[in-house]
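Chemist: sequence first, then the predicted structure, then my questions.
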Amino acid sequence: PFLRQKNMLVLQEEDWDCGLACALMVLRALQYSMSSIQGGSGRRALPSMKELRERCETQSIWTIDLAHLLRHYGVGVRMRTVFPGVDPSHQHSQFYKDVISQDQKRVTQLFRRAADAGISVERKGTTSSEMLSLVADHGHVLIVLVDRTILLCDECALADKAFAEKLKEFGSKADSFLGHFVVLTDISQSRISTEKRNSDGGGSPNNNKALTDNFSNDLKSAAVPPVPTKGSKRAWFYDPGSRVENHQCSVPFDQFEKARLQSGTDQDILIIKVNEQKKPKS
């Protein structure tokens, strides 16, 4: 059973732990207690961000780190990437150059151990149509590695203009990739206006009016029927670096695609399927 949550958004606490915040969002949505899986009536407390940081034992979080972290807590996960390992071309990237040599051995070992840990690693990218299919029936939620310089929603940009300006300035440079993790929950042509979402609670992760126990609907907190609008599809996601409290971000789907397909992301995606969670590892 996936019980409704009052607050889905988890904000990162350091400039490097956005991936851990995404993992904690997934654990919150899954309620982690998983009493039916454990065969007992007791509930296990959610880990804190501090506990997740200590478990990872590194400040250089790769997507494969998050996959192993989620498996430790009993979450069934598969990973898609165009390069299962450390792409040597990243050594020329400003974002990777200071950590890539020290991360090489650890990341390579994590990929080698993936199958034994119950992690399916698929060496392939994910097309736009596959992305749509994965979230269409609310049966999956995705942790996606994106280029931060491209992915910032309008509401967050307005709330922190100085940050938005810095991203814009940095993004104008030739080597501007900034890795960032977000939780993608929906891709839809329907959109609720910011004003209506905020006034009715439909866009806030604090909303507790969700009409279904469906996992992805819990993440979207979709209490207000969407108002259909013409135009391109939009991607709805939770951003651990959100500049707006209790906020779900959305951007045109084309913008989201550009951010996740940038060189540096390896098109990394973690796919978590509803109702296929496994017993947590001891």
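Modeler: Right, received. Where do you want to start?
Chemist: starting at the chain centroid, how far to the strand of greatest length in the chain?
Modeler: Secondary structure of the chain per DSSP state E: the longest strand is strand 179-188. Put simply, strand 179-188 sits 5 Å off its chain's centre (CA atoms, centre = their mean, to the nearest Å).
Chemist: so what secondary structure elements neighbour it?
Modeler: Strand 179-188 is packed against helix 18-30, helix 128-136, strand 140-147, helix 215-220, strand 234-238, with contacts defined by 3 or more CB pairs under 8 Å, 6 or more residues apart in numbering; DSSP states H and E. Glycine gets a C-beta too; all of them are placed from N, C-alpha and C.
Chemist: ranking those by mean pLDDT, which is last?
Modeler: When the helices and strands packed on strand 179-188 are compared by mean pLDDT, helix 215-220 comes last with a mean of 42.
Chemist: got the contact list for the residue nearest the centre of the chain?
Modeler: With distances taken as CA atoms, centre = their mean, residue 183 lies nearest the centre of the chain, 2.5 Å away. Contacts for residue 183 (CB atoms under 8 Å, 6 or more residues apart in numbering) come out as 22, 25, 26, 141, 142, 143, 144, 219, 237, 238.
Chemist: do the same with residue 164
Modeler: 152, 156, 157, 158.
Chemist: buried only: go through those residues for me.
Modeler: 152, 156 (16 or more other CB atoms under 10 Å).
Chemist: and the contacts of residue 164, which of them are in helices?
Modeler: Among the contacts of residue 164, the members found in helices (DSSP state H) are 156, 157, 158.
Chemist: now render the residues you listed as a markdown table, adding pLDDT and distance to residue 46.
Modeler: Listed next are those as a markdown table, based on pLDDT from 0 to 100; distance: CB to CB, whole Å:
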| residue | pLDDT | distance to residue 46 |
| --- | --- | --- |
| 156 | 96 | 25 |
| 157 | 96 | 31 |
| 158 | 96 | 31 |
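Chemist: low-confidence ranges in the stretch 1-150 of the chain?
Modeler: The stretch 1-150 of the chain contains residues with pLDDT under 70 at 1-7, 31-44, 137-138.
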